[in-house]
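# sequence? don't have it. structure:
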């Protein structure tokens with residue numbers, strides 16, 4: 001018989017015994033700070049109103065379990081199986097849910113503030129306006145379904161990614177409705193990225209290629225720093241072309257080439273350069289000027305969009 005310590009964790013039989021001793025109900029049963037055997041099987045258990053604050057439930061099987069109004073704050077639920085679980089109005093503040101399966105889970109009205117949901121599975125998870133997702137740690141904002149989809153066959157991967165797009169869209173809307181625009185922007189980026197991955201390369205490869213280009217240039221309007229990096233890359237590449245096209249391969253000449261590239265990119269004008277450069281160099285400079293004007297406008301639009309939400 002377990003006592004909930006690390007040396008002697010609770011088993012399924014112990015939980016059944018404790019519920020029976022509590023009057024055949026889990027409501028009000030306090031198992032906070034207790035340790036349960038890894039991957040404990042509590043599927044379909046009625047655990048409404050149970051107190052599991054800071055409980056250790058790694059990889060616990062809680063599929064179709066009833067945990068309405070349960071206290072799971074700070075609980076360790078890494079890689080737990082919670083598919084179909086009812087967590088309505090449950091307290092999951094600061095719970096560790098990395099890689100947890102929350103497919104078809106009801107988390108309406110649940111408090112997930114400051115919880116760790118990095119890599120969690122959220123397909124068809126039901127959350128409402130009063131679900132609290134403030135401060136949730138999402139890691140790199142890639143949910144488990146998208147990671148899993150990368151390992152599937154082409155047709156299965158495309159179907160999975162279509163479902164992923166819907167998850168990201170719903171998360172984006174929740175954060176937008178609550179005025180948390182920086183996180184909403186992260187999920188918008190993931191939504192469009194997943195949508196791009198559903199595009200076929202053939203027979204219209206340019207659709208996916210153009211989407212990828214926009215991602216690289218500005219992160220779909222969410223990453224103004226990418227515009228700066230892209231602009232700096234264009235300036236340096238053009239500078240090397242001008243440098244290699246010159247007759248003097250010295251660092252002093254490179255700085256002149258860099259200057260020529262910068263004034264071309266910013267469309268400032270060439271001054272004394274005009275009479276000393278060849279036609280194809282001037283043509284390349286004109287093309288760089290066109291690209292520079294476009295990228296500067298792109299930066300302004302992206303920056304303003306980011307700052308004025």
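Thanks, I have it. None of the values given here were measured: they were computed from a predicted structure.
# and the longest helix anywhere in the chain, how far out from the chain's middle?
In the chain, taking DSSP state H as the definition, the longest helix is helix 279-307. Computed by C-alpha atoms, centre = their mean, to the nearest Å, the chain-centroid distance of helix 279-307 equals 29 Å.
# who does that helix touch, helix- and strand-wise?
Here helix 279-307 touches helix 205-218, helix 224-245, helix 251-265, going by 3 or more C-beta pairs under 8 Å, 6 or more residues apart in numbering; DSSP states H and E. The C-beta positions use only the backbone N, C-alpha and C, and glycine is treated the same way.
# among those helices, which is nearest residue 13?
Among the helices and strands packed on helix 279-307, helix 205-218 comes nearest to residue 13, with 52.7 Å by C-beta to C-beta.
# Contacts for that closest one, please.
The contact list for helix 205-218, computed with C-beta atoms under 8 Å, 6 or more residues apart in numbering, reads 192-193, 195-196, 199-201, 220, 224, 226-227, 230, 295, 298-299, 302.
# Among these, which one sits closest to residue 102?
Using C-beta to C-beta, residue 193 comes nearest to residue 102 of the contacts of helix 205-218, at 21.3 Å.
# Go ahead and confirm residue 191 touches residue 170.
No. Look at residue 191 against residue 170 with C-beta atoms under 8 Å: they stay out of range, at 9.5 Å.
# and those two? which has more neighbours close in?
Neighbours per residue (other C-beta atoms under 10 Å) separate residue 191 from residue 170, with residue 191 holding more: 20 against 17.
# per-residue confidence for that one?
At residue 191, the model reports a pLDDT of 96.
# Now do the contacts for it.
Residues near residue 191 by C-beta under 8 Å, 6+ apart: 165, 168-169, 172.
# Mind putting those residues into TSV with pLDDT and secondary structure?
Formatted as TSV, these follow (pLDDT from 0 to 100; DSSP: H, G, I helix; E, B strand; the rest coil):
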residue	pLDDT	secondary structure
165	96	helix
168	97	helix
169	96	helix
172	96	helix
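# can you tell me which two in these are farthest apart?
Maximum distance among the contacts of residue 191 (C-beta to C-beta): 10.4 Å, for 165 and 172.
# Tell me the pLDDT of residue 210.
93.
# same deal with residue 271?
47.
# quick one on the thing from earlier: tabulate the contacts of residue 191 in TSV, adding columns for neighbour count and distance to residue 57.
Formatted as TSV, the contacts of residue 191 follow (neighbours: other C-beta atoms under 10 Å; distance: C-beta to C-beta, whole Å):
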residue	neighbour count	distance to residue 57
165	19	31
168	25	28
169	17	30
172	20	30
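# measure stretch 55-64 end to end?
19 Å (C-alpha to C-alpha, to the nearest Å).
# so for that stretch, what's the average pLDDT?
98.
# In that stretch, which residues are buried?
55-63 (16 or more other C-beta atoms under 10 Å).
# if we look at it, which residues are touching it?
6, 9, 31-36, 38-45, 72, 75-85.
# How many residues are close by residue 298?
19.
# er, residue 201 I mean
Number of residues near residue 201 (other C-beta under 10 Å) recorded here: 10.
# again with residue 181
Neighbours of residue 181 (other C-beta under 10 Å): 15.
# Helices of the protein, start to end?
Counting by DSSP H, the helices of the chain are 12-21, 144-149, 154-177, 181-197, 205-218, 224-245, 251-265, 279-307.
# Next, format the ones you listed as TSV and append distance to residue 134.
Formatted as TSV, those follow (distance: least, C-beta to C-beta, whole Å):
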stretch	distance to residue 134
helix 12-21	31
helix 144-149	21
helix 154-177	9
helix 181-197	9
helix 205-218	28
helix 224-245	25
helix 251-265	42
helix 279-307	21
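# of all the ones you listed, which lies closest to residue 136?
With respect to residue 136, and counting by C-beta to C-beta, the nearest of these is helix 181-197 at 8.2 Å.
# quick one: which two of the buried residues of stretch 55-64 are the most distant?
Every pair of these checked by C-beta to C-beta; the farthest is 56 and 63, at 18.9 Å.
# just checking, residue 43 touches residue 66?
No. Using C-beta under 8 Å, residue 43 is not in contact with residue 66, being 11.1 Å away.
# For the two, indicate the residue with more neighbours.
Remark: of residue 43 and residue 66, residue 66 carries more neighbours, 20 against 16, as counted by other C-beta under 10 Å.
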